[in-house]
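[1] Generate coordinates for the sequence data below:
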Amino acid sequence: MDAMLWEIGETATALRRAFDRRAGSHGITRAQWRVLARLSRNPGLRQVELADQLDMEAITLCRIVDRLAEAGLVERQADPEDRRAWKLVLTDAAAPLVKTLSALADELADEALAGMGAAQRAALQAGLASIRDNVAATRPRGKAVAQ
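    Here you go, the predicted structure:
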């Protein structure tokens, strides 16, 4: 594996662990935070849409949403276009937690990127976006392995 890709993976792991430690002090998991953050930006997503956007199994998301709903942070609303579907929205009680966790994420980003100038940050962001786009466009090569 290319050393740069190794560093990207290790950096992502370190960032996840650092955020988990900070978010855990507020009684929330990273998976729950991902749901809250996505819903704060895109209220009213259907559960299936949210699961797809988060690259998460539907049953896993359902369990997370169940916990968030029990905590009074997320509400399921009937989808007027599809009686079988639910739209998810944050409750008013979620707003202070989302604000706090957003601030934690910003603080972690500032710490992680300390010492990097604006040009370095922009170049890093563009490079990572390019890598992500390249990987998303990659098609499987070769033959499937027989089982």
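[2] Show me where this protein has its helices.
    3-24, 30-41, 47-53, 58-70, 94-112, 118-137 (DSSP state H).
[3] of all the ones you listed, which lies closest to Arg84?
    Closest to Arg84 of those is helix 47-53 (Cβ to Cβ; 10.1 Å). Using the backbone N, CA and C atoms, a C-beta is placed for each residue, glycine as well.
[4] Show me how far that closest one is from its chain's centre.
    Here the centre of mass of C-alpha atoms in helix 47-53, compared against the chain's by Cα atoms, centre = their mean, to the nearest Å, lies 12 Å away.
[5] Equivalent analysis for stretch 51-70, please.
    Taking the mean of its C-alpha atoms, stretch 51-70 sits 12 Å from the chain's own mean (Cα atoms, centre = their mean).
[6] Check stretch 80-98 too.
    Computed by Cα atoms, centre = their mean, the chain-centroid distance of stretch 80-98 equals 17 Å.
[7] quick one: contacts for the spatially most central residue of the chain?
    Against the mean C-alpha coordinate of the chain, by Cα atoms, centre = their mean, the closest residue is Arg34 at 3.9 Å. The contact partners of Arg34, by Cβ atoms under 8 Å, 6 or more residues apart in numbering, come to Leu54.
[8] ok, now the one 10 residues further on?
    With contact set as Cβ under 8 Å, 6+ apart, Gly44 has these partners: Gln77, Lys87, Leu88, Val89.
[9] Distance-wise, check it relative to Val135.
    Distance check for Gly44 against Val135: by Cβ to Cβ, to the nearest Å, it reads 29 Å.
[10] now this structure, which segments are flagged as low pLDDT?
    Judged against pLDDT under 70, the low-scoring parts of the chain cover residues 1, 140-147.
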